[in-house]
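# Fold the stuff below for me.
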Amino acid sequence: MKRAVCCGLGLACLVVSARAASLEVEVDGIEPGSGTVYVALCQGGLAESTCRSGKDAPADGRSQRVLFKGIEPGVYAVVAYQDINGNGRIDRTGLGLPLEPYGVSRGGGRRARPDFATASFPLDEPGAAVRVRLARTLPSR
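Residues are numbered from 1 along each chain as shown. Just a heads-up that it's a prediction; the model follows:
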C-alpha cells in the first residue's frame, strides 16, 4: 500500500511538471545607455500585488530576452520597464505618468492606461513567446 501511494505521488508530480509551461519574453525598444530592464508576469491584474513573478536583465542592446519557467497554465499579462536611473522603480510625474520607457504585452497601454483585459493572453503551451515594446509616454527630460 505504501509503495502504491509513493508511485501515485510520483505520477502526480510528473503530471504537474508536464503541465507547467515556459514563457520567453522579448523586450524591444530598450534605450541605449545604462539601466536595468525589469519584466513582470502578472495574473488577474497589472497591480504590483498581482505581478508576483519578476526578472531583470541589463539594458545592453536594443532588445533583451527573459525566460520564465515552470508557469502553471492560465491567463497572464507581461509588464516591462527600463529603470534608466537605477533607483529600482519606474519614475512617474505628479499625475502618475511614467517618465521611463515601459510596455505591456499585446501592445496595451499605448493610447490609454494599460489594463489587464487588453494586455492578457492565454498561456497553455509548453513553450510560448510574447514581445513587449518599450516606449516613453513623455519625452525624456
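# nearest spatial neighbour of R62, skipping sequence neighbours?
I30 (5.5 Å; CB to CB, 6 or more residues apart in numbering). All C-beta atoms are positioned from the backbone trio N, CA, C, and that covers glycine.
# distance of that neighbour from E125?
26 Å (CB to CB, to the nearest Å).
# Which one of these two is surrounded by more residues?
More neighbours surround I30 than the other of I30 and E125, with 22 against 11 (other CB atoms under 10 Å).
# about what we covered before: in three-state terms, how would the residue nearest to R62 be classified?
coil (DSSP: H, G, I helix; E, B strand; the rest coil).
# So for stretch 131-141, what gets flagged as buried?
By 16 or more other CB atoms under 10 Å, the buried positions in stretch 131-141 come out as R131, V132, R133, L134.
# Check which helix or strand the first one maps to.
Secondary structure assigned from DSSP states H and E places R131 in strand 127-133.
# quick one: strands adjacent to that strand?
strand 21-28 (parallel) (DSSP bridges).
# Contacts only, for R89.
By CB atoms under 8 Å, 6 or more residues apart in numbering, the residues touching R89 are D83.
# hang on, the earlier thing: most widely separated two among the buried residues of stretch 131-141?
Using CB to CB, the buried residues of stretch 131-141 span at most 10.8 Å, a distance reached by R131 and L134.
# got any residues that touch both of those two?
With CB under 8 Å, 6+ apart, R131 and L134 have common neighbours V27, D28.
# Quick one: the helices in this structure, in order.
2-19, 116-119 (DSSP state H).
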